[in-house]
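Asks: Requesting a structural model of the entry that follows:
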Amino acid sequence: VSAHREPSFFVREVREEDLGAAANILAESFSSDGANSNFLARRVERMNTYLSLKSRFETFRYAERSGSLQCMLVACSVLNENEVVGFCEVDNRPPGGEINPAPRPYISNLAVDEKFRRRGTASMLVSASEEIVRGWGKLKLYLRVNDENDGAKAMYCGCGYEFESNFVNAEGETVMLLGKTL
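Replies: Below you'll find the predicted structure:
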């Protein structure tokens with residue numbers, strides 16, 4: 001009989017002071033060059049990511065008052081509630097002039113610090129996102145994942161997400177649209 005392990009993380013709404021750590025996680029997770037880019041390029045990527053998050057955070061901060069259905073979440077260590085180890089966004093706002101927009105509501109920018117992957121953190125963020133979407137009265141949730149990201153695809157499928165469609169993005173990568181009826 002295996003012993004039940006308590007979760008090492010919890011999920012909460014993002015705070016302004018979390019944005020720097022979230023930007024670092026996103027930049028490291030989604031950087032096109034990864035470890036091959038130089039120091040300055042990584043710093044610029046992190047700053048651009050931070051500024052983009054900060055802008056969306058300002059919208060998110062007033063989302064409830066404006067009626068906008070948008071949320072930013074972080075996963076934090078239970079040992080240190082200020083240690084951000086994962087991040088994601090959930091959005092039901094209409095697309096704003098995007099090319100090939102994702103259906104709404106959708107999860108985006110889900111990323112976990114490399115040191116904390118494969119511990120259930122991403123699944124906890126997905127589950128929290130689903131609860132938020134149910135609270136909005138929505139019956140389905142979507143997300144996109146790069147077809148070459150086998151770890152993420154396996155995690156999403158394990159959470160009950162199914163293939164909806166795919167397309168090739170501007171970088172020539174195949175991106176899958178997954179969905180789940182809640």
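Asks: any idea where the helices of this structure begin and end?
Replies: Ranges of helices within the chain are 19-30, 39-61, 63-66, 121-135, 150-158, based on DSSP state H.
Asks: Kindly reformat the ones you listed as TSV containing distance to residue 73 and mean pLDDT.
Replies: In short, each C-beta sits where N, CA and C put it, glycine included. Written out in TSV, the entries for these read as follows (distance: least, CB to CB, whole Å; pLDDT from 0 to 100):
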stretch	distance to residue 73	mean pLDDT
helix 19-30	10	85
helix 39-61	10	72
helix 63-66	13	56
helix 121-135	6	95
helix 150-158	16	94
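Asks: I'd like those helices as JSON lines, with distance to residue 108 and mean neighbour count appended.
Replies: Output for the helices of the chain, formatted as JSON lines (distance: least, CB to CB, whole Å; neighbours: other CB atoms under 10 Å):
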{"stretch": "helix 19-30", "distance to residue 108": "10", "mean neighbour count": "20"}
{"stretch": "helix 39-61", "distance to residue 108": "10", "mean neighbour count": "15"}
{"stretch": "helix 63-66", "distance to residue 108": "15", "mean neighbour count": "12"}
{"stretch": "helix 121-135", "distance to residue 108": "10", "mean neighbour count": "19"}
{"stretch": "helix 150-158", "distance to residue 108": "13", "mean neighbour count": "15"}
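Asks: residues contacting the residue positioned nearest the centre of the chain?
Replies: Nearest to the centroid of the C-alpha atoms of the chain, with distances taken as CA atoms, centre = their mean, sits residue 110, at 1.9 Å. When contacts are counted by CB atoms under 8 Å, 6 or more residues apart in numbering, residue 110 touches 86-88, 122, 125-126, 143, 152.
Asks: If anything else comes up later, I'll come back, but that's it for now.
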